[in-house]
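> Sequence and predicted structure are below.
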Number of protein chains: 2
Amino acid sequence: MVTHSWEIKARISRDILEKSIQKQWLLPNDKLPSPDRTNVLNVPRESGILTERELEITMTDATGLVEIMAKGTWTAEEVTIAFLKRATIGHQLLNYATEFMAEEAISQARNLDTYFQSTGKVVGPLHGVPISTKEMVSFKDRILHTGYVSWISNVAPQDALIVRILRKAGAIFHVRTNLPQTCMHLDCDNNITGRTFNPHNIKLSPGGSSGGEAASIGFRCAAMGIASDIGGSIRLPAAFCGSYGIRPTTLRTPWSGVGLAGAGQEGIRCTLGPITNSLRDLDLFMKAVTDGMPWAEETSLVPLPWKEAPLTRDFTLGVLWDDGMAHPHPPVQRAMKMAVEKLRAAGIKIVDWQPYKHDHGMRIISDLFYPDGAAAQIAALEESGEPWLPLTKEAFVRARQMTVAETWAVNLERDAYRSEYRLLMKQHDVDFILCPAYVGVAAEPHEARYFAYTAIWNILDMPGVVFPTGLKVDQELDHVEGGYRPRSLEDVVEYKAYSPDKFVDAPIALQLVGNRFCDELTVAAAKVVEEVIQS
Amino acid sequence: MVTHSWEIKARISRDILEKSIQKQWLLPNDKLPSPDRTNVLNVPRESGILTERELEITMTDATGLVEIMAKGTWTAEEVTIAFLKRATIGHQLLNYATEFMAEEAISQARNLDTYFQSTGKVVGPLHGVPISTKEMVSFKDRILHTGYVSWISNVAPQDALIVRILRKAGAIFHVRTNLPQTCMHLDCDNNITGRTFNPHNIKLSPGGSSGGEAASIGFRCAAMGIASDIGGSIRLPAAFCGSYGIRPTTLRTPWSGVGLAGAGQEGIRCTLGPITNSLRDLDLFMKAVTDGMPWAEETSLVPLPWKEAPLTRDFTLGVLWDDGMAHPHPPVQRAMKMAVEKLRAAGIKIVDWQPYKHDHGMRIISDLFYPDGAAAQIAALEESGEPWLPLTKEAFVRARQMTVAETWAVNLERDAYRSEYRLLMKQHDVDFILCPAYVGVAAEPHEARYFAYTAIWNILDMPGVVFPTGLKVDQELDHVEGGYRPRSLEDVVEYKAYSPDKFVDAPIALQLVGNRFCDELTVAAAKVVEEVIQS
């Protein structure tokens, strides 16, 4: 058998990962879940590797952790070790990590503890919070490959700006997480680290592109995570893995030091944002980032501090039941209905929201993704000769190479579409839109491709928050919808992708979307919605 | 002699202009200034057409006008008529208008007066303020040609967003103003309206591209004006005509309904901003615009309200004496020295500021102006067959046609340059940069081409305020600089462009530049600088 040169290169990264794993925290063979077990969420508790206290630590959200560390009840070191243990087990089960940074993390935690012991104060709002980070975010002197084998030659000259800001706020970076080839799939597989699994059901994809990150947060390998989103890459995997996420309005979070092929493309921007285990942690993360004033270094950013918004029920929710292109699967429909009933009962104003030219919006975003005909991505693939994964091929088929003037025409269509959508919301007095995060609850490996429930908000640059409803797929309730007649080939494909037995234990998430730059209001509204639907 | 079809089309616009002039306010032939008189600023006073009260009205800035109208001392109607009279004389002398809108203006003023009489209140912060508007800004059912003969076929479907917002704030629009062919010259001449003259010296250009607007404000044909700037087009003509102007940070003022060839190009953005007769009027204008929340309609804008900044002398001024490419003319040098001496004496911290790669910055902006090889502009010219003016040819020679990927590379250079410049200012603790607005005080017709003293701040997207120093070219003091050895051919050209006798009566302006989105701080600092240097 021939070993290709790309395989040799990929092994460099895998070796780094392998060496970085703290072997003492791995599950012994006799503790490994049986091969037919799909839901592995409870393995840490069963493993005996984490103490009760460590289990409690890892089940606490970041806001809670900082509160408890600020009282001196838990130390940063024990918090870091607890999460490192869980993160190690998580990787063993889910293959979500690309690299652990245990020594630096523990050393940094000790420094925080020393500081706390001598001053009685936390160093900042993220004091001792273990954060996992999508691989595309730079760490000094470490490889930055973004899912391309050829990029394994890239060693980052410095930490990404967001890492520097959050570290200064007290964050601890202990693990980097997997992403798909090209970083442009809704799945999480590549030729370097391979496939990441969904902790709720390892037969399912964790979603993508921030699949490693969502698996990390879903399994509680970290208290929060840094992800990115250009078409759904924060929200969709967060939804698949039962976590929370926000794709903020673009230009609110820094981008310096993030690797993505096609840099300099500005028609549709990718943006960093958090995946967390609570809504309040979205505020915590965003406030820490903007308090670091990233715009003083990355001048293209907008200097808007994060101002947590007051909670109120005085808003109108437009409900997008179906985007008119791909019909949501039964569990998603059930969650939407449950949410709307409870919200209406709670006195929140609800109106139906008709999708406004979502097909047009999706055509625009497709044009803007690869206006160079995906030449940047293809060059990065061809440099190593690594094979193209199926979803890479599917994405590139949609790429339309354009002239400069053609991109301008699409920019104008985009801006006109944004203004029309905004005007329509204003005319209907709609403040937020409640909608699915995805056509279904999750997807099987290589099968996540429908992204219009998230990407439509990217092209509109409207912030979107996803949150779990507390519901899971129910084999009794969520039958295949009989008699539904799909409206297109795409609709047929997504309709056929569902059957309840494929999605055992999958959590059901929803999405709340607000107006551009109204990120704080959208998080606040999501808190109200969550409170109502969890009640 | 053959009449070309483009001439017939151009005449449509000229006829509209001609018909719109209120003939009763024109100077009779015996009151016209003698042909050898260059400075026409005093003609309104000599004309007998304006009463003393009307002269006083037209010499009052917008803030002052609103204060006086709010007391009921002056009515909106008499203010409007006073400015219309002066505007009519101004056009007779300077050829700066493309169209008067006298009837609508007077009718609107009467409505304001009725409102005031019945409520005792002004309708808004711009109650009764006559505003002149650069032709590229749409007015419903009126032609929008932006200096292209072919575009005379364009009739605007609605008022531009900025017009709608300011009208709601009480503004009165009485005259539209001239701009150069393509709207991309530093001069003000086209094949439709022809050349506009500088009121301080009609042998000089008023600058451009907002030359008609600067002539209007310099001659006080309006209390303030709407102009645009992509490389100096607000600041340079304001400087030439002795007025004030700010090019705000991009995405703070609306752009909807403004005509410019190459729409959708976003690598370097054009932005609207005011030309005024006082610094406080810059605040008045910008606050009225942002209070209209243009981002609720034009969603690409940044939702930053205008917050007037407190006055303080506690800042550090970097002084850019010379950009290293074109050596400032003697009067500009004299004004810079005077300013720096007084500022230092007033206790303001002053450091010399070395130009950081301004040649590199100018190469970037040149690339970004016409990445389609100026195809959009050329198409607009060729559609009518109108002749190309010399500065059009010069501009297009610099156009480099690029691929989409090449534009991305330039975007990255731009962002890197911005970050480096910002970091350098931070390292030197420099808050603002004081510099020339132009290599000289003005230019002769067809000779304004050096724009690096303004355009460098466009590529950096740093807000720039220009203000008159109160000095004028002095035949005794401002001799040609003997012994200066130009550093390049460009420097030779600009060096030779100066001799004191060419620039009789030309006002000397300077420019103050602040960090991106620090527009309010920059205006406040300019107020402090003005107070010191005028003392």
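Cool, the structure landed. Please read all numbers here as calculations on a predicted model, not as lab measurements.
> Find me the pLDDT at the residue nearest to residue A:268 when sequence neighbours are not counted, would you?
With Cβ to Cβ, 6 or more residues apart in numbering or on different chains as the criterion, residue A:268 has its nearest non-adjacent residue at 4.0 Å, and that residue is residue A:368. (Each C-beta comes from the backbone N, C-alpha and C, glycine too.) pLDDT for residue A:368: 97.
> Chain B versus residue A:368, what's the distance?
Going from residue A:368 to chain B by Cβ to the nearest Cβ, to the nearest Å gives 11 Å.
> can you confirm residue A:176 is in a strand?
Yes - read with DSSP: H, G, I helix; E, B strand; the rest coil, residue A:176 is one of the residues of a strand.
> That one: neighbouring residues, count only.
28 (other Cβ atoms under 10 Å in any protein chain shown).
> Tell me what it is bridged to.
For residue A:176, the beta-bridge partners are residue A:99, residue A:133 (DSSP bridges).
> tell me, how many neighbours does residue A:314 end up with?
With other Cβ under 10 Å as criterion, residue A:314 counts 9.
> For it, grab phi and psi.
When read as degrees, to the nearest 10, the backbone of residue A:314 gives phi -90, psi 70.
> And it, how far from residue A:432?
From residue A:314 across to residue A:432, the span is 12 Å (Cβ to Cβ, to the nearest Å).
> swap in residue A:367?
Distance from residue A:367 to residue A:432, by Cβ to Cβ: 28 Å.
> Work out for me the element residue A:350 sits within.
strand A:349-352 (DSSP states H and E).
> For chain B, give me its nearest residue in the stretch 1-150 of chain A.
Closest contact between the stretch 1-150 of chain A and chain B, by Cβ to the nearest Cβ, is at residue A:138 (15.2 Å).
> An error on my part: the question was meant for the stretch 201-350 of chain A.
Taking Cβ to the nearest Cβ, the stretch 201-350 of chain A has residue A:264 as its residue nearest chain B, at 2.9 Å.
> Tell me the pLDDT of the closest residue to that residue other than its chain neighbours.
Spatially, and ignoring its direct neighbours in sequence, residue A:264 is nearest to residue B:408 (2.9 Å; Cβ to Cβ, 6+ apart). You'll see residue B:408 listed with a pLDDT of 98.
> ranges for the strands of chain A?
Using DSSP state E, the strands of chain A run over residues A:97-100, A:130-134, A:172-177, A:224-229, A:244-247, A:271-276, A:316-319, A:349-352, A:432-436, A:464-472, A:507-513.
> could I get those strands as a markdown table with distance to residue B:280?
Converted to a markdown table, those look like this (distance: least, Cβ to Cβ, whole Å):
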| stretch | distance to residue B:280 |
| --- | --- |
| strand A:97-100 | 57 |
| strand A:130-134 | 48 |
| strand A:172-177 | 49 |
| strand A:224-229 | 43 |
| strand A:244-247 | 41 |
| strand A:271-276 | 38 |
| strand A:316-319 | 40 |
| strand A:349-352 | 43 |
| strand A:432-436 | 40 |
| strand A:464-472 | 42 |
| strand A:507-513 | 41 |
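> Show me what the top helix by length along chain A is packed against.
Scanning chain A for the longest helix, with DSSP state H as the assignment, gives helix A:404-427. Helices and strands touching helix A:404-427, by 3 or more Cβ pairs under 8 Å, 6 or more residues apart in numbering or on different chains; DSSP states H and E, are helix A:358-369, helix A:452-459, helix B:404-427.
> how about residue A:98, what does it touch?
Residue A:98 is in contact with A:13, A:17, A:135, A:176-178, A:192-193, A:212, counting by Cβ atoms under 8 Å, 6 or more residues apart in numbering or on different chains.
> Give me the pLDDT for it.
On pLDDT, residue A:98 comes in at 98.
> How about residue A:400?
88.
> what about it, how many neighbours?
15.
> Distance-wise, check it relative to residue A:368.
With Cβ to Cβ as the criterion, residue A:400 and residue A:368 are 10 Å apart.
> just residue A:522 next, same as before
23 Å.
> surely residue A:65 meets residue A:57?
Yes - using Cβ atoms under 8 Å, residue A:65 is in contact with residue A:57, at 7.2 Å.
> what sits in contact with each of those two?
Taking Cβ under 8 Å, 6+ apart as the criterion, residue A:65 and residue A:57 both touch A:74, A:79.
> which ones are touching the residue nearest to residue A:46 when sequence neighbours are not counted?
Leaving aside its sequence neighbours, residue A:46 sits nearest to residue A:31 (Cβ to Cβ, 6+ apart; 7.4 Å). Applying Cβ under 8 Å, 6+ apart to residue A:31 gives the contacts A:43, A:46-48.
> can you redo those residues as a markdown table with neighbour count?
Below are the contacts of residue A:31 laid out as a markdown table (neighbours: other Cβ atoms under 10 Å in any protein chain shown):
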| residue | neighbour count |
| --- | --- |
| A:43 | 21 |
| A:46 | 12 |
| A:47 | 20 |
| A:48 | 10 |
